[in-house]
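# Here is my input; please provide its structure:
(one chain, ligands or ions: 1)
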Amino acid sequence: MNRRIHYGGDYNPEQWPRAIWREDVRLMKEAGVDLVTVGVFSWAELEPTEGTYDFGWLHEVLDLLGEAGIGVDLATPTTAPPPWLTTRYPDVLPVDSKGTRYSHGSRQQFCVCNPTYRMFAKQVVARLVSEVGGHPAVEMWHINNEYACHVPYCYCDHHAAAFRAWLASRYGSIEEVNEAWGTVFWSQRYSELAEVLPPRLTPSFSNPGQELDYCQFSNDAFLDELLEEREILKASRPDIPVTTNFVGFYKPLDYFAWSRELDVVSTDNYVDPADPEWAMQNAIHYDLVRSVNKAVPWVVMEQTSSRVYWREHNVPKRPGQMRAMSYQAVARGASGVLFFQWRASRVGAERFHSAMLSHSGEASPVWAEIRDLGRELALLEPLGQARVAARVAVAFSWQNWWALEAPAKPANDLVLSEQLAWLYRPLFRSGTTVDFCRPDEPLGGYEVVLVPSLYRVTREEGANLVSFVHQGGDAVISFWSGIVDEHETVYVGPYGGPLRPIMGCDVLEVAPLLAGAVVEVEWEDGTKTTAGFWADVVAETDGHVLARIASGPWAGRPAVIENRVGSGRTYYLATRLDPAGLARVYSRLPALAGEPSLERAGDGVERVVRTGPEHTYEFLINHAPEDRELEIAPGGIELLARVELGDRVKLPPTGVAIVRRPTSELAR
Ligand code: GAL
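Okay, here's the model as predicted:
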């Protein structure tokens, strides 16, 4: 991928007569479009009946786009098998946990472990490559579409067989499976692998180890399909980068693992523009996507120009909001901003989804915004080598997410997204950029690691976090961390498992608080803040108690413990502190303390810096409903208006400034 910001969207020309295609290309040029995704849902057009193919129309489309200099992100069509396939081979259709088989008539109606599906998928991909893989317009491969989005788990017999094979290779024997899953409980002991099933509908809670392994297995099964497609694509065109579109914080798929297999990471972002925290939701989404593979470029593959159709009440983006959101992505490192979709459909379930080109065409105000943003991005100087650098990391794993939110817990309303938002929000508001890291990833480049409810933690992950602190890092660990191992087996003794050496306290019991209950938290200097949701019943050990719970049944118990370990420190948060309480903790961290950013937090302006070898780009995006006048370091050039700046910049609501300065020696 070259270094400018790509712009474009999903293009589905098969829905339109040929006469429209030329018009499409003309308007794409007008809007600065340079990359479109073609063919995502075209299987039935490319292979109308079993073994008969029609690639003529696709050749024509690629020719038209290529002649206009518009690159193509060519999709394999495997996300939507045609009706002939599932009519002839009905067991390709997936089955839910109650044993109900899905029907065709929508999309994603395939069981990824079904050998017939896999055979047809490979066949159509191979055919696609041999027909058009050499076309000069093809710049990227887009494999499938939003894997696992509609049917993340299938429970059919093919899955049962594949699950058993997966268990055999992971554990070796049924005795090991019994041991790992603790099947001594409720008389679940298996005498042979053949008795093991996917976690189908059961009378009560199913086995937690089995559930967790099924999440991992299902992830692996989808990834295996991607790898099979990738192999075919790479065999013929190893030079073309490969991607598949992620869905940000999407629980069923471990994107850390997936992104290792891709040349470009891409994500689809359908944040609700009416969500009061939409700006933060975008920021955290993009920080995650940038982080899942820190060595490859990433793009927004899909966002809306305006409105979706699938929420109950679909509020459009207000004027300027789409542009501001797009720059949020660019600020956080994106090399492309694309949309679903280019032209609004007339037919099908998605005809009321907004598009770059609405039903009313060029007359729509949406078009004006799309065209203007495309032109503006086309003029923006390349930022490709300017990286977003973070000193703060969040320890995050999909395996923990699966386990944390599985049922039968003290608080079944404890959701990871809330824990993340709680710790992330103040940093977003203060303009402190955050990376996400696997708990077992090298952390040496960070000064602070936040650990939100790392309930499931392996010994290796725990050791990595412990050594990060020993070597001088600061960790902020929230309650409900270090509870179970990779099989969902509890670490007994006071809670904390492999994190105990750095926690500085013993967590003896856990106590979810009454819904809505607020407890007081009293700090050493007598200041009072509040907390809610949860209280650990903590006994202090080697740590220093900074604050105690001061009301309710757990009054007197430690709420915040500071523990010096080696040359680093751990802050253990035994309850969900309110923003003032959390700010007190954050202000003790050298990486954050003294940052002017903490004081200016809350002005509604998002600040992100991208640093390149020569230039540093400071992005300022005003999410506040009023104008903001900001003090800035003098000597910058604002790239969008192309003006030299003094020491102030004024931004209207949704306004964006990109301030370029020479990169200082220090930042290099
Ligand atoms: C995405 C999907 C697109 C389109 C879009 C609508 O999940 O990849 O094909 O359906 O949602 O919002």
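# can you tell if stretch 64-82 touches the ligand?
No: using CB under 6 Å from any ligand atom, stretch 64-82 never reaches the ligand; the gap is at least 8.3 Å. Just so you know, the C-beta spots here come from the backbone N, C-alpha and C atoms, and that holds for glycine as well.
# From start to finish, how long is that stretch in a straight line?
26 Å (CA to CA, to the nearest Å).
# Now it: buried residues?
64-66, 68, 70-82 (16 or more other CB atoms under 10 Å).
# what mean pLDDT does that stretch have?
Stretch 64-82 carries an average pLDDT of 98.
# go on, stretch 643-656?
96.
# could you turn it into CSV, dropping everything but the C-alphas?
This file holds the C-alpha atoms of stretch 643-656, laid out as CSV (Å, rounded to 0.1, in the frame of the first residue of the first chain):
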residue,chain,number,x,y,z
VAL,A,643,-1.9,28.2,7.4
GLU,A,644,0.9,29.0,9.7
LEU,A,645,-0.3,29.0,13.3
GLY,A,646,0.7,31.2,16.2
ASP,A,647,0.1,29.9,19.7
ARG,A,648,-3.7,29.5,19.4
VAL,A,649,-6.0,27.6,17.2
LYS,A,650,-9.8,28.0,17.1
LEU,A,651,-12.0,25.0,16.2
PRO,A,652,-15.7,25.0,15.6
PRO,A,653,-17.8,22.0,16.6
THR,A,654,-16.6,18.9,14.6
GLY,A,655,-13.6,21.0,13.5
VAL,A,656,-10.3,19.4,12.8
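# Show residues contacting it.
Contacts to stretch 643-656, defined as CB atoms under 8 Å, 6 or more residues apart in numbering, come from residues 318-321, 323-324, 327, 605, 619-638, 640, 657, 659.
# of these, buried ones?
Counted by 16+ other CB under 10 Å, the contacts of stretch 643-656 give 321, 323-324, 327, 605, 619-624, 628, 630, 632, 636, 638, 657, 659 as buried.
# Helices - which of the residues you listed land there?
Gln321, Arg323, Ala324, Tyr327 (DSSP state H).
# Out of those residues, which comes closest to His313?
Checking these against His313 with CB to CB, the nearest one is Gln321 at 16.8 Å.
# surely that closest one meets Pro273?
Yes: applying CB atoms under 8 Å, one finds Gln321 in contact with Pro273, separated by 5.8 Å.
# rewinding a little: return the subset of the buried ones among the contacts of stretch 643-656 lying in strands.
Val605, Phe619, Leu620, Ile621, Asn622, Arg628, Leu630, Glu638, Ala657, Val659 (DSSP state E).
# Switch the residues you listed over to TSV; also include distance to Leu262.
Shown next, in TSV, are these (distance: CB to CB, whole Å):
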residue	distance to Leu262
Val605	33
Phe619	25
Leu620	31
Ile621	28
Asn622	34
Arg628	38
Leu630	37
Glu638	34
Ala657	32
Val659	32
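# Among the residues you listed, which ones lie close to the ligand?
Contacts with the ligand are made by none of those, judged by CB under 6 Å from any ligand atom.
# can you pull the contacts of the residue in the stretch 51-200 of the chain positioned nearest to the ligand?
Evaluated by CB to the nearest ligand atom, the stretch 51-200 of the chain has Glu146 as its residue closest to the ligand, separated by 4.5 Å. By CB under 8 Å, 6+ apart, the contact list for Glu146 reads Thr79, Asn245, Phe246, Val247, Asp268.
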